[in-house]
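Enquirer: just to be clear, the model below is a prediction. Sequence and coordinates:
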Amino acid sequence: MIEDCFHVSSLIAVDLLLHLQDHIDRLRDDVNFVIEYPYVDRVYRDSYYGYFSTKMTVYPRDCIRLSLFEGILDPDEFREKLDREVLQKRYLGFIVLRPTVPNIVGRSLISPFALKSHDFLCISSTCPATAAAVKVIAEGFPHSSQDGETISCAETSIWSIMEYFSSKYFNYKPVLPSIIIETLRDSSNQRQLPSGGLNIYDMAFALKKFGFGTKIYAIAQFGEVVFKRLLSCYLESGIPILAALDNRGTGGNIGHAVLIVGRNYVTATQIDNLPVTIEENLAISNELRYRNIQLFDNDDVNKEYVIIDDNFPPYQLAHLSSPAHYYNDIEWGKCKITSFVSPLYPKVYLDAFEAKLHIKLLFLKVGFLIPNGTELFIRVFLASSRSYKDYLAKEAALQNDIRDFILDTPMPKFIWVGEYSNKSLMKQEKANGLIILGATEPDLANYKALVFAGYGDRCYYPDADTKELVEILLPLNEFSIYSSNLKHY
Amino acid sequence: MAVKFNRKAQVIDRVKDQGKFKNMNSGKAGEVRNAINNHVIETKRDFQHKERMSGITASQLTLTA
């Protein structure tokens, strides 16, 4: 079929099938396909009309679409025996094959449930699709391989981020390769086609133009430990991270962009083995030492991250210490993540670095009775106040008055949440301390950002009129940790 | 039937009645606030330093691979 549709020789078609085999091999054995041709793919058509059609070489303009279903398929299930609900349950996404030899895997949205191994948590979005003319909803994280001419790893990552956000929030629109090129036209020093890639600043600039309040974090700014914590913190916030990795530190010349969209499930053993956090901030480390408090940071857990790499099938797993280990190549093995872009909602003025420090400081200073020698486990993340309140409304374990109190408290669209617990509680996915900061307030003085703080037998909040802190003696109780930012597959 | 949600005010009234409500505007609370504010200033200074560094520390390597 590839031979006929993409006008290639049988020899090349065999090579392409071998390339495609890497994607197919990761799928469960009971996954079957609906194969459709011709399929008009909006991303490839954009590249086709803007670039491939301007060449003398003739490129086909149509694609092949593979729709993935669980179990054996019967054509009648799409017609006479159609049961939409059953079909939707069995639907596991789609892969578009485009005639850009050898990188033929185009736009795809594959459910992690389609994979043989999917024990991880990740960000995902949905996209309306059809299979044999029947409407279905695909779920997963958008992926595409680079065609090497109109889109490199950098453009693919930007496209992927915009596909994700546009499907979830009305503030953002999906972008096509030509829109990325147009957006960077005035800031580009040289021709943009064929693509020569982008640097981290170009990528951050494009995302800013597409409506984000982007922030760049570099390992040289923060040092390796804090850099990794910040990356982890943003990921726990459900934000896809655009990471730049290279091997220049070892004299290499590889530069690559990937997306980090999830992590493995943290086991009880990983929590048990977590060492006491090394706090670089002097005021906090002195306070911890003086009061003999052992602080463990969720962002220090040595996790495997879920990576969307346009050179590989989606959902690769890798530790931050060897983010490209799956290349099985010495030079790629030396690659490190040296910077990342966090595409934030524009009004998230308070960044993770400051929010985390402030949450730790408030907890230690504000007046909670924390006995000397206490073991604390901290987890900090960004959440939308809408989702967080929805979770609180359902969280029956939280003390009722406290729950009503927080639910009736006005909050900005995004909030920073600090959950405190200890290792034992964390293994049960529970916490017993809570600090909420408004993410729109970067001025942290005089409790301006504080929304609510609670631990043990008391809670604190800033009075709306006097702006002074108010203490109320109500116990928080143990409650389930917030887990809506990443979906467990 | 309209349901009015004003439970926060009810909670505050109740804890006030029970004597479990305290405005933290005493001398000690002022010290705590000042300590936090001083730390906020230091953190901000540290962060702004790191921010200024970002222009020269993030690699400008073109990502193509």
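Expert: Good, I have the coordinates. Only a predicted model underlies this, so the values are computations on that prediction, with no experimental measurement involved. Numbering: from 1, shown residues only, chains lettered A, B, ... in the order given.

Enquirer: let me know the secondary structure of A:L242.
Expert: Secondary structure state of A:L242, per DSSP: H, G, I helix; E, B strand; the rest coil, is strand.

Enquirer: report the beta-bridge partners for it.
Expert: A:L259, A:V341 (DSSP bridges).

Enquirer: make sure it is actually in contact with A:I161.
Expert: Yes: judged on C-beta atoms under 8 Å, A:L242 makes contact with A:I161 at a distance of 6.4 Å. Where you see a C-beta, it was placed from the backbone N, CA and C, and this is true even at glycine.

Enquirer: isn't there a helix covering A:F94?
Expert: No: applying three-state DSSP, one finds A:F94 to be strand, outside a helix.

Enquirer: contact partners for it?
Expert: For A:F94, the contact set (C-beta atoms under 8 Å, 6 or more residues apart in numbering or on different chains) comprises A:65-68, A:108-110, A:129, A:131, A:138.

Enquirer: which one of the residues you listed is nearest B:N34?
Expert: A:L109 (53.1 Å; C-beta to C-beta).

Enquirer: if I look at that closest one, how far off is A:H143?
Expert: 7 Å (C-beta to C-beta, to the nearest Å).

Enquirer: contacts for stretch A:260-273, please.
Expert: If you take C-beta under 8 Å, 6+ apart as the criterion, stretch A:260-273 is touched by A:119-123, A:141, A:231-232, A:235, A:240-241, A:243, A:301-308, A:315, A:317, A:340, A:377, A:423, A:426-427, A:486, A:488.

Enquirer: now do the strands in chain B.
Expert: With strands called from DSSP state E, chain B shows them at B:21-23.

Enquirer: biggest helix in it by residues?
Expert: Longest helix in chain B, counting residues (DSSP state H): helix B:27-57.

Enquirer: for it, buried residues please.
Expert: Neighbour-count burial for helix B:27-57 flags B:29, B:32-33, B:36, B:39-40, B:43-44, B:46-47, B:50, B:54, B:57 (criterion: 16 or more other C-beta atoms under 10 Å in any protein chain shown).

Enquirer: could you do stretch A:204-219 as well?
Expert: For stretch A:204-219, burial by neighbour count (16+ other C-beta under 10 Å) applies to A:204-212, A:214-219.

Enquirer: and what of stretch A:29-40?
Expert: When neighbours are counted by 16+ other C-beta under 10 Å, the buried residues of stretch A:29-40 are found to be A:31, A:33-34, A:36, A:39.

Enquirer: select from these every entry located in helices.
Expert: Per DSSP H, the buried residues of stretch A:29-40 never map to helices.

Enquirer: can you tell me which of those residues are in strands?
Expert: Judged by DSSP E, the buried residues of stretch A:29-40 include A:31, A:33-34, A:36, A:39 as members of strands.

Enquirer: report the entries of those residues that also contact chain B.
Expert: Counting by C-beta under 8 Å from any C-beta of the partner chain, nothing from these sits close to chain B.

Enquirer: any chance of these in a markdown table, with pLDDT too?
Expert: Formatted as a markdown table, these follow (pLDDT from 0 to 100):
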| residue | pLDDT |
| --- | --- |
| A:V31 | 98 |
| A:F33 | 97 |
| A:V34 | 97 |
| A:E36 | 97 |
| A:Y39 | 97 |
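
Enquirer: and A:V136, helix, strand or coil?
Expert: On the basis of three-state DSSP, A:V136 is classed as strand.

Enquirer: you'd agree it is up against A:K89?
Expert: No: using C-beta under 8 Å, A:V136 makes no contact with A:K89, being 10.1 Å away.

Enquirer: near chain A at all, the helix or strand bottoming out on mean pLDDT in chain B?
Expert: Sorting the helices and strands of chain B by mean pLDDT, DSSP states H and E puts helix B:27-57 at the bottom, at a mean of 77. Yes: residues of helix B:27-57 contacting chain A under C-beta under 8 Å from any C-beta: B:29, B:32-33, B:35-37, B:39-44, B:46-47, B:50-51, B:53-54, B:57.

Enquirer: please identify which of the contacts of A:F94 is nearest to chain B.
Expert: Ranked by distance to chain B (C-beta to the nearest C-beta), these are led by A:S108 at 20.0 Å.
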